[in-house]
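Enquirer: task: produce atomic coordinates for the following.
(chains A, B, C and D)
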Number of protein chains: 2
Amino acid sequence: MIDRKSPVPMYYQIEQYIEQLIESRNLKSGDQIPSEREFTDQFHVSRMTVRQAVMNLVHSGVLVRIKGKGTFVSNQNKIEKSLLGLNGFSEDMISRGMKPGSFMMSFARIRAAAKVADRLALDEHDDVFEIKRTRFADDEPMAIETSYIPAKMVPDLTEDQVSPSLYQYIERQCGLPFDHAVQSIEASVVTAEEAKILAIPKGSPILLIERCSYLKNGRPIELTKSLFRADRYKFMVKLPRG
Amino acid sequence: MIDRKSPVPMYYQIEQYIEQLIESRNLKSGDQIPSEREFTDQFHVSRMTVRQAVMNLVHSGVLVRIKGKGTFVSNQNKIEKSLLGLNGFSEDMISRGMKPGSFMMSFARIRAAAKVADRLALDEHDDVFEIKRTRFADDEPMAIETSYIPAKMVPDLTEDQVSPSLYQYIERQCGLPFDHAVQSIEASVVTAEEAKILAIPKGSPILLIERCSYLKNGRPIELTKSLFRADRYKFMVKLPRG
DNA sequence: AAGTGGTCTAGACCACTTT
DNA sequence: AAGTGGTCTAGACCACTTC
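Expert: Model prediction:
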């Protein structure tokens, strides 16, 4: 279950093993996970290595530790998580109990416009992939989304990889781990063209959301501008601490 | 500098030592802190103990580590912090470089309406303080804010305590520590009356923000509905992790 | 008493960056 | 080559919870 020859650190393999136990429903919210000593025996690693795996999952909110009792799967539910975290359109709609859909309006590799290059920290002559999509929820148009990805970061991006999950492609296929996103939310009114695509009256209010996502190494990896129908969409966020 | 007999863990003492170096300006943003081995020699503790202190500060965003180079004081500025956290109107405006102002339109102790009682987890016959304010930024109207506070949680609330900082009064005077808030952001258009107060044209887009704040014990303590001018206000948020 | 997480040691080898 | 953080070991004693 653990590959000691792998370049992937053992603590990270243990992390993935525990997460997979949770995803596969072998462990549910509130369940106790095996103790540190049990993992030590199971994987033949030292206790500190197990602790590193467990503590990482505690920091990311997956597990909760109680002194003298044990370590448990957090009962922080999916909606709470999605409020706090960085999610794509599809995950967002699923957590709201709706069926996500998508129509690709255009996919192109182009020279970055000045504003886009600025946000993505690119030189002006650098290329970006521009992805324009209409997004659906329960088969009704919900949003118009335009994403920009630096071409030098994911040179082999194709239309097919975008469709299932762009985020998963970047994280798992390209090995570029996301860290956080900075998002701005404005209110505006639709233009005639946008109104047509979203099937709403001209002059209707919309939420204009701009998101810039950053990798763990600090580099911006994605800039997405979205126009959401205000009559159907409410942006929810959980703000931690005081 | 480190008290080995203290019940306070050594790694925590080291954490405080490093934080104090930063607060006292001996270390500024971007400065490199002593290496793990240097701390090991200075405090006569093992490297793992130093690591625990340093990693905690990395997780809380105080320090940044770069492999092969060293550990540095994070230059995460105040604006980034305010994006992540729970702030009142005044703090928000100050972090945007504007002068906050406030005009109290009404302050009353009333029976909670059904919707308000529901959000604040009150019985229907419970009282709330209702506080209606017009909020200004650089002397221009920016938002209309209506707050509801359960009367039984802060029975002695007066108009005067609201003005400097309602949050500080609840946390420091009443000893009720905030934990988090759940916020929803919608787009809408102003009514004639609201347009007048905000000094904007009738039918202008606005951001409708509703926030419910919770204490560390899980109880809701505040429900606030705000109407922000969309032409002047953009809601910013930092979403951590993936 | 047995089991759990909390803290701590004194080493080790690795990959990476800088000189 | 020297220094840094990244990973890992094989133990130890403690405080806490449960039985």
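Enquirer: quick one: the spatially most central residue of chain A from DNA strand C, how far?
Expert: Centroid-nearest residue in chain A, with C-alpha atoms, centre = their mean: A:N87, separated by 3.5 Å. A:N87 is 29 Å from DNA strand C, where distance means C-beta to the nearest atom of the strand, to the nearest Å. C-beta coordinates here come from the backbone N, C-alpha and C atoms, glycine included.
Enquirer: same question for A:R51.
Expert: 6 Å.
Enquirer: excluding chain neighbours, give the residue nearest to the residue nearest to the centre of chain A in space.
Expert: Closest residue to A:N87 apart from its sequence neighbours, by C-beta to C-beta, 6 or more residues apart in numbering or on different chains: A:S95 at 7.4 Å.
Enquirer: what about A:E210, neighbour count?
Expert: 17 (other C-beta atoms under 10 Å in any protein chain shown).
Enquirer: ugh, typo on my part, it should be A:V50
Expert: If you count neighbours by other C-beta under 10 Å, A:V50 ends up with 24.
Enquirer: likewise for A:L120?
Expert: Neighbour tally, A:L120, other C-beta under 10 Å: 20.
Enquirer: low-confidence stretches in chain A?
Expert: Scanning chain A with the threshold set as pLDDT under 70 gives A:77, A:241-242.
Enquirer: distance of the closest residue to A:A112 other than its chain neighbours relative to A:R111?
Expert: Closest residue in space to A:A112, ignoring its immediate chain neighbours: A:V128 at 4.5 Å, by C-beta to C-beta, 6+ apart. Noted for A:V128: a distance of 8 Å to A:R111, by C-beta to C-beta, to the nearest Å.
Enquirer: these two: who's more crowded?
Expert: The neighbour comparison of A:V128 against A:R111 (other C-beta under 10 Å) goes to A:V128, with 24 against 14.
Enquirer: for the more buried one, list each beta-bridge partner.
Expert: Per DSSP bridges, the residues bridged to A:V128 are A:I110, A:P150.
Enquirer: contacting residues for it?
Expert: Remark: with contacts taken as C-beta atoms under 8 Å, 6 or more residues apart in numbering or on different chains, A:V128 is in contact with A:109-112, A:116-117, A:120, A:122, A:148-151.
Enquirer: which single one of the residues you listed is nearest to A:N217?
Expert: Using C-beta to C-beta, the shortest approach to A:N217 within these belongs to A:P150, at 13.1 Å.
Enquirer: do you have the strands of chain A handy? List them.
Expert: Ranges of strands within chain A are A:63-66, A:70-73, A:100-111, A:127-137, A:140-150, A:178-189, A:205-215, A:220-229, A:235-240, based on DSSP state E.
Enquirer: any chance of the ones you listed in a markdown table, plus distance to B:R229?
Expert: A markdown table is the format used below for these (distance: least, C-beta to C-beta, whole Å):
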| stretch | distance to B:R229 |
| --- | --- |
| strand A:63-66 | 42 |
| strand A:70-73 | 44 |
| strand A:100-111 | 32 |
| strand A:127-137 | 28 |
| strand A:140-150 | 23 |
| strand A:178-189 | 9 |
| strand A:205-215 | 13 |
| strand A:220-229 | 19 |
| strand A:235-240 | 18 |
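Enquirer: quick one: which of the ones you listed is nearest B:L27?
Expert: B:L27 sits nearest to strand A:178-189 of all those, at 23.3 Å, using C-beta to C-beta.
Enquirer: quick check: residues of chain A near DNA strand D?
Expert: Proximity of chain A to DNA strand D (C-beta under 7 Å from any atom of the strand) is limited to residues A:9-12, A:44-49, A:52, A:66-69.
Enquirer: any of the residues you listed buried? List them.
Expert: Buried members of the residues of chain A next to DNA strand D, counted by 16 or more other C-beta atoms under 10 Å in any protein chain shown: A:10-11, A:45, A:49, A:52.
Enquirer: of these, which pair is most distant in space?
Expert: Taking every pair in those and measuring C-beta to C-beta, the maximum separation is 9.8 Å, between A:V45 and A:Q52.
Enquirer: report how many residues lie close to A:L83.
Expert: Number of residues near A:L83 (other C-beta under 10 Å) recorded here: 21.
Enquirer: any idea how far it lies from A:E91?
Expert: According to C-beta to C-beta, A:L83 and A:E91 sit 12 Å apart.
Enquirer: show me what A:S226 is bridged to.
Expert: With DSSP bridges as the criterion, A:S226 is bridged to A:E145, A:I209.
Enquirer: residue contacts, it?
Expert: A:S226 makes contact with A:89, A:135, A:143-146, A:207-211, according to C-beta under 8 Å, 6+ apart.
Enquirer: same question, A:L57
Expert: Neighbouring residues of A:L57 by C-beta under 8 Å, 6+ apart: A:15, A:18-19, A:63.
Enquirer: format these as CSV; extra columns: distance to A:N217 and neighbour count.
Expert: Formatted as CSV, those follow (distance: C-beta to C-beta, whole Å; neighbours: other C-beta atoms under 10 Å in any protein chain shown):
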residue, distance to A:N217, neighbour count
A:E15, 20, 19
A:I18, 25, 23
A:E19, 22, 16
A:L63, 26, 21
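Enquirer: out of the residues you listed, list just those in helices.
Expert: Taking DSSP state H, the ones among the contacts of A:L57 that sit in helices are A:15, A:18-19.
Enquirer: bridging residues for A:L239?
Expert: Under the criterion used (DSSP bridges), A:L239 bridges to B:A181.
Enquirer: try A:F235
Expert: Following DSSP bridges, A:F235 is listed with bridge partners B:I185.
Enquirer: that one contacts B:I185, doesn't it?
Expert: Yes: with contact defined as C-beta atoms under 8 Å, A:F235 counts as touching B:I185 (4.3 Å).
Enquirer: so what touches stretch A:3-22?
Expert: Here stretch A:3-22 makes contact (C-beta under 8 Å, 6+ apart) with A:1-2, A:27-28, A:33, A:39, A:43, A:45, A:49-50, A:52-54, A:56-57, A:62-63, A:73.
Enquirer: tell me how far that stretch lies from the chain's centre.
Expert: Chain-centre distance of stretch A:3-22: 21 Å, with C-alpha atoms, centre = their mean, to the nearest Å.
Enquirer: and the residue nearest to A:T134 when sequence neighbours are not counted, what does it touch?
Expert: Leaving aside its chain neighbours, A:T134 sits nearest to A:F103 (4.5 Å; criterion: C-beta to C-beta, 6+ apart). Counting by C-beta under 8 Å, 6+ apart, A:F103 touches A:133-134, A:136.
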